[in-house]
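Trainee: return a 3D structure for these sequence lines:
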Amino acid sequence: MSDLGAALDVVGPRWALLIVERLLDGPQRYGDLQRELGVPTNMLATRLRELEAAGVLHRLPLRHNTRAYALTDRGSALWEAIEALGRWGAAHAETPPAP
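Mentor: Got it, this is the predicted structure:
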């Protein structure tokens, strides 16, 4: 498997990079992530478990049985890739493909 393939195994599934992007701003509670991203709760729970298992994020203990998530160093290292994809999207998302 290529290096890109290995990376996509971790952050390729739908919503994964959007979750990481939100967490680049700092820790977020589960409900806030769900509301801000509009991701279905079952999908959010699945992606958070996968990203946690991959060492991209970790849970933070909060009071009253609520959950929050923060990036690990491994997750924070995705910043440059997310920025580059965002720039590419801004430049090319609305441009029709060339024949």
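
Trainee: helix or strand right after the host helix or strand of Arg35?
Mentor: Using DSSP states H and E, Arg35 sits within helix 30-37. Counting by DSSP H and E, the next helix or strand C-terminal to helix 30-37 is helix 41-53.

Trainee: now that next one against helix 30-37, angle please.
Mentor: Put simply, helix 41-53 runs at 110 degrees to helix 30-37, going by axes from the mean of the first three to the mean of the last three Cα atoms, to 10 degrees.

Trainee: give me the residues contacting helix 41-53.
Mentor: For helix 41-53, contacts defined as Cβ atoms under 8 Å, 6 or more residues apart in numbering pick out 10-11, 13-16, 19-20, 30, 33-34, 37, 39, 57-59, 69, 75. No exception for glycine: its C-beta is placed from N, CA and C like everyone else's.

Trainee: and the worst-scoring helix or strand of the chain on mean pLDDT, what does it pack against?
Mentor: Every helix and strand of the chain was ranked by mean pLDDT, DSSP states H and E. The lowest is helix 3-11, at a mean of 82. On a contact count with 3 or more Cβ pairs under 8 Å, 6 or more residues apart in numbering; DSSP states H and E, helix 3-11 meets helix 16-23, helix 41-53.
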